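Student: Got a sequence here, can you model it:
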Amino acid sequence: MANFLDVYFSRTEKVHPACDEYLDRILSAKSRTEVFDIMLESPCLEYMCETYAMGLGPLKKEMYPNFGGMINGRYRHDGTYSSVLFYGYKGAILCDTTVICLIDCNADITVRGVSHNIIMVSGESEIRLKGDGSPIILVYGDKVTIDGNGKEKTKNAMKN
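Tutor: Purely as a prediction, here's the structure:
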């Protein structure tokens with residue numbers, strides 16, 4: 001796992017360096033679960049979406065061997081808010097967390113009622129929103145298609 005992180009952060013270092021605080025926390029984590037919990041915090045999810053949209057990864061061949069058992073809704077971060085990561089997922093998702101991050105996904109997402117949800121989308125993703133909820137949608141890059149209701153569709157949320 002350390003090798004994957006070293007490769008990923010060295011790829012992004014010159015173009016979009018990681019925040020020192022998160023980088024230190026991730027590199028000093030003692031387990032995959034601890035690393036993944038940190039990765040599921042909103043600033044890290046944003047960083048992954050931004051770097052993926054820039055073509056820097058994280059790559060599927062890196063994520064699946066290291067975190068395959070935790071992505072695609074198999075692990076949920078529960079802290080101040082709840083979050084999950086879907087990567088290369090095709091299928092239906094019930095939006096039952098505060099933050100959902102989708103990279104290279106083709107998904108039907110059901111959002112129910114008046115809830116405060118943020119959906120971050122990057123990569124080549126096709127997302128169809130269903131239900132009566134209206135999440136905030138943050139789109140990273142220009143290969144994302146969104147269909148359905150959202151409070152806000154922020155195209156190209158990457159920071160310049």
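Student: In contact with the residue sitting nearest the centre point of the chain: list those residues for me.
Tutor: Most central in the chain under CA atoms, centre = their mean is C101, positioned 3.0 Å from the mean C-alpha point. Contact partners of C101, counting by CB atoms under 8 Å, 6 or more residues apart in numbering, are 40, 45, 48-49, 83-86, 120-122. The C-beta positions use only the backbone N, C-alpha and C, and glycine is treated the same way.
Student: beta partners of it?
Tutor: L85, M120 (DSSP bridges).
Student: Next, find the distance separating it from T110.
Tutor: 17 Å (CB to CB, to the nearest Å).
Student: for R11, same thing?
Tutor: As for R11, its distance to T110 is 35 Å (criterion: CB to CB).
Student: cool, P17 as well?
Tutor: P17 is 37 Å from T110, by CB to CB.
Student: Neighbour count: those two, which is higher?
Tutor: Ranked by neighbour count (other CB atoms under 10 Å), P17 and T110 place T110 first, with 16 against 11.
Student: In this structure that one contacts L94, no?
Tutor: Yes - judged on CB atoms under 8 Å, T110 makes contact with L94 at a distance of 5.2 Å.
Student: Which residues are in contact with each of these two?
Tutor: By CB under 8 Å, 6+ apart, no residue touches both T110 and L94.
Student: now the helices for this protein?
Tutor: 2-12, 20-27, 32-39, 42-53, 60-67 (DSSP state H).
Student: Could you save those as CSV and add columns showing distance to S115, mean neighbour count and mean pLDDT?
Tutor: Listed next are the helices of the chain as CSV, based on distance: least, CB to CB, whole Å; neighbours: other CB atoms under 10 Å; pLDDT from 0 to 100:
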stretch, distance to S115, mean neighbour count, mean pLDDT
helix 2-12, 32, 15, 73
helix 20-27, 27, 14, 83
helix 32-39, 22, 18, 91
helix 42-53, 16, 21, 91
helix 60-67, 26, 16, 88
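Student: and of those, who's closest to G150?
Tutor: If you check each of those against G150 by CB to CB, helix 42-53 wins as the nearest, at 15.9 Å.
Student: ok, R112 touching D132?
Tutor: Yes - the criterion here is CB under 8 Å, and R112 meets it with D132 at 6.6 Å.
Student: Same drill for the two, tell me which one is more crowded.
Tutor: More crowded of R112 and D132, by other CB under 10 Å: R112, with 13 against 10.
Student: Please tell me how far the more buried one sits from G133.
Tutor: Distance from R112 to G133, by CB to CB: 5 Å.
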